[in-house]
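Trainee: predicted structure and sequence below. I'll ask about it afterward.
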2 protein chains.
Amino acid sequence: MPTFKLTLAYDGTTFIGWQRQAAGASIQGLLEEVLEKLDKRPVPVAGAGRTDAGVHALGQVASVTLQRDIDADTLRRALNANLPAEIRVTEVSEAPAGFHARFASTSKVYRYRIWNAEVLDPFERAYVWHVPSPRLDADAMDAAARLLEGTHDFSSFQGTGATTVTAVRTLLSSRVTRAPAPRHGGAGAEPAPLLTYEVHGTGFLKHMVRSIAGTLVEVGRGRRDPQSMIGILAKQSRACAGETAPPAGLFLVRVSYGSPDL
Amino acid sequence: MPTFKLTLAYDGTTFIGWQRQAAGASIQGLLEEVLEKLDKRPVPVAGAGRTDAGVHALGQVASVTLQRDIDADTLRRALNANLPAEIRVTEVSEAPAGFHARFASTSKVYRYRIWNAEVLDPFERAYVWHVPSPRLDADAMDAAARLLEGTHDFSSFQGTGATTVTAVRTLLSSRVTRAPAPRHGGAGAEPAPLLTYEVHGTGFLKHMVRSIAGTLVEVGRGRRDPQSMIGILAKQSRACAGETAPPAGLFLVRVSYGSPDL
């Protein structure tokens, strides 16, 4: 009964999200289908983060326990041979019995990408939020983002329908940078059209990164002051924060585990 | 009757190629449709390079002459508002009467991208040729590529059905590099999985870059010696060179014009 830690990258564009649902293709559902064929019995897959429809992953982590004796490399190859090209298992390693990708995770990094130029690079259309104008004030956004570092009640940035006991979460780092355009760079001469919000935290609420990103863009437009983040946190009400940014800009970058075995 | 130079970026994945054909969506066809509505009469669009189905562009150039008096910025915005997100007009400038994007061009740069690692980054699946193994010898490929620099008869690298008078072309630069993985980088720990062949020439034959790329990969696999390129050129026969590499890896990067007005 070996237990495995799977690291996954996926283009979330065409999926209903990580989580299996009654209808539609989910990443968890596709993994469970392939694993059921391999192990000749249902294999539940636990994911570290429940990415929504259209959200991408560079380093999602999942855990599975199989009946069958199989080595990590063979499992990785079998999964990649049977999954669509939009989902790749980049690493498989054996994990201690009882390892659970979500409960064992100690922190996660998410990245939210904003294309801030009139013409959207066609190669970026499914991987950014397009905010054509005005030119966003990245320094103000960064100042606002940094005010979220530390331990706070993030109720104001929590999507409706959440069922968590507490909205208190800890952000180790929360930063905005304006980066040069990536490789394809086909979108004209405008300098550095890409804004990136990167956040490292020990835990996240439903829609939390997208709600923060939506609020940061309002700061970048000059509609909110960076300092207003403090008041938004204090009010503990979703209505105080900005809109939920669209899913295409969001990437689950990395999941960390405290144990040196993982 | 203003004449315009349009610079275009497009994701070629879902198109039948640049050129209008009886059936299917082409970049030229979509541009001509939008321009016909705008100018209330058929507007022929001339492209600098006829990219094939699945081939991408970062800097394709096209020329059009309109009846209607319109400024360059308004034209760019009107085109982008009516074209699918896969095609973006990144620049429009007024050009001298009679400007023809293909006949006036003095050189072009193409890039061919090869993903040389077992696991293909899901975000790269439509933008590379996946050669999972063996690890290609980039130095040998670069040595082979450089032997094509200069003026040669490229008949051995010309697709069938070509109708050009001469196969003599001049390559100003022809180089292979192994680059670090681009931004998404979700495909595991292997170092530098991306190989790039970049070629700058005053003219290209049908399938020329893809035929060269296919031959270079055979050099990279150790099946051909870099020096064999000289013999392939000399034989002037398509059968001597390697396979035509798949279209997804190819990008038309840039088109140059000698005139300072362009």
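Mentor: Yep, it's here.
Trainee: C-alpha from now on. contacts and neighbour counts both.
Mentor: Fine.
Trainee: helices along the stretch 1-150 of chain A, start to end?
Mentor: A:27-39, A:72-82, A:138-146 (DSSP state H, counting those that start in this stretch).
Trainee: I'd guessed residue A:76 sits against residue A:88; true?
Mentor: No: assessed by CA atoms under 8 Å, residue A:76 is found out of contact with residue A:88, at 9.0 Å.
Trainee: which one's more surrounded, these two?
Mentor: For residue A:76 versus residue A:88, neighbours defined as other CA atoms under 10 Å in any protein chain shown are more numerous around residue A:88 (28 against 19).
Trainee: chain B versus the more buried one, what's the distance?
Mentor: Residue A:88 sits 6 Å away from chain B, taking CA to the nearest CA, to the nearest Å as the criterion.
Trainee: quick check: bridge partners of that residue?
Mentor: residue A:9 (DSSP bridges).
Trainee: got the phi and psi for the residue in chain A sticking out farthest from the centre?
Mentor: In terms of distance from the mean C-alpha position of chain A, residue A:69 ranks first, at 31.9 Å (CA atoms, centre = their mean). With angles defined as degrees, to the nearest 10, residue A:69 sits at phi -80, psi 120.
Trainee: so it makes contact with residue A:2?
Mentor: Yes: look at residue A:69 against residue A:2 with CA under 8 Å: they come within range, at 6.8 Å.
Trainee: quick check, residue A:169 in contact with residue A:202.
Mentor: Yes: at 7.0 Å, residue A:169 counts as touching residue A:202 under the criterion of CA under 8 Å.
Trainee: list, one by one, the residues from the stretch 1-150 of chain A near chain B.
Mentor: Residues of the stretch 1-150 of chain A lying close to chain B by CA under 8 Å from any CA of the partner chain are A:8-11, A:57-59, A:85-91, A:119-123, A:125.
Trainee: just the buried ones from the residues you listed?
Mentor: Neighbour-count burial (16 or more other CA atoms under 10 Å in any protein chain shown) applied to the residues of the stretch 1-150 of chain A next to chain B gives A:8-11, A:57-59, A:85-91, A:119-123.
Trainee: identify the residues contacting residue A:42.
Mentor: A:32, A:35, A:36 (CA atoms under 8 Å, 6 or more residues apart in numbering or on different chains).
Trainee: tell me the pLDDT of it.
Mentor: Looking at residue A:42, its pLDDT stands at 97.
Trainee: that one and chain B, how far apart?
Mentor: To chain B, residue A:42 is 26 Å away according to CA to the nearest CA.
Trainee: any regions of the stretch 51-200 of chain A where pLDDT drops low?
Mentor: Low-confidence segments of the stretch 51-200 of chain A (pLDDT under 70): A:180-191.
Trainee: where do the strands of it begin and end?
Mentor: A:56-65, A:87-95, A:105-115, A:129-130, A:150-153, A:168-179, A:194-201 (DSSP state E, counting those that start in this stretch).
Trainee: and the last one, which strands flank it?
Mentor: So that's strand A:194-201. By DSSP bridges, strand A:194-201 pairs with strand A:105-115 (antiparallel), strand A:168-179 (antiparallel).
Trainee: ok now it, how far from the chain's centre?
Mentor: In terms of CA atoms, centre = their mean, to the nearest Å, the centre of strand A:194-201 is set 10 Å apart from its chain centre.
Trainee: quick one: work out the angle between that strand and helix A:138-146.
Mentor: 10 degrees (axes from the mean of the first three to the mean of the last three CA atoms, to 10 degrees).
Trainee: cool, the first one as well?
Mentor: Relative orientation of strand A:56-65 versus helix A:138-146 (the same axes, to 10 degrees): 30 degrees.
Trainee: what packs against strand A:56-65?
Mentor: strand A:3-10, strand A:46-47, strand A:250-257 (3 or more CA pairs under 8 Å, 6 or more residues apart in numbering or on different chains; DSSP states H and E).
Trainee: got the contact list for stretch A:112-123?
Mentor: So stretch A:112-123 is in contact with A:127-136, A:184-188, A:190, A:193-198, A:209-210, A:213, A:249-251, B:9-11, B:85-90, going by CA under 8 Å, 6+ apart.
Trainee: make it 7 Å
Mentor: A:128-133, A:135, A:184-187, A:190, A:193-198, A:213, A:249-251, B:9-11, B:85-88, B:90 (CA atoms under 7 Å, 6 or more residues apart in numbering or on different chains).
Trainee: and the buried ones among the residues you listed, selectable in ChimeraX?
Mentor: Buried subset of the contacts of stretch A:112-123, written as a ChimeraX selection, criterion 16+ other CA under 10 Å:
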select /A:128,129,130,131,184,185,186,187,193,194,195,196,197,198,213,249,250,251 /B:9,10,11,85,86,87,88,90
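Trainee: report the buried residues of stretch A:136-154.
Mentor: A:136-149, A:152-154.
Trainee: same thing with stretch A:53-70?
Mentor: Quick answer for stretch A:53-70 (16+ other CA under 10 Å): A:53-66.
Trainee: and those as a markdown table, adding distance to residue B:162?
Mentor: Shown next, in a markdown table, are those (distance: CA to CA, whole Å):
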| residue | distance to residue B:162 |
| --- | --- |
| A:53 | 46 |
| A:54 | 43 |
| A:55 | 44 |
| A:56 | 42 |
| A:57 | 44 |
| A:58 | 43 |
| A:59 | 46 |
| A:60 | 48 |
| A:61 | 50 |
| A:62 | 51 |
| A:63 | 54 |
| A:64 | 54 |
| A:65 | 57 |
| A:66 | 56 |
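Trainee: closest to residue A:25 among these?
Mentor: residue A:53 (9.9 Å; CA to CA).
Trainee: quick one: contacts for that closest one?
Mentor: Here residue A:53 is in contact with A:12, A:15, A:16, A:17, A:247 (criterion: CA under 7 Å, 6+ apart).
Trainee: thought residue A:51 was touching the fourth one, still the case?
Mentor: Read that as residue A:17. Yes: assessed by CA atoms under 7 Å, residue A:17 is found in contact with residue A:51 at 5.6 Å.
Trainee: rewinding a little: got the strands of the stretch 51-200 of chain A as CSV, with distance to residue A:42 columns?
Mentor: Listed next are the strands of the stretch 51-200 of chain A as CSV, based on distance: least, CA to CA, whole Å:
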stretch, distance to residue A:42
strand A:56-65, 11
strand A:87-95, 19
strand A:105-115, 24
strand A:129-130, 38
strand A:150-153, 38
strand A:168-179, 34
strand A:194-201, 33
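Trainee: among these, which comes closest to residue B:218?
Mentor: strand A:87-95 (26.6 Å).
Trainee: and the closest one with helix A:27-39, angle?
Mentor: Going by the same axes, to 10 degrees, strand A:87-95 makes 60 degrees with helix A:27-39.
Trainee: what about residue A:206, helix or strand, and which?
Mentor: For residue A:206, there is no enclosing helix or strand under DSSP states H and E.
Trainee: and it, how far from chain B?
Mentor: Distance of residue A:206 to chain B, given as CA to the nearest CA: 24 Å.
Trainee: residue contacts, that residue?
Mentor: Residue A:206 makes contact with A:158, A:159, A:162, according to CA under 7 Å, 6+ apart.
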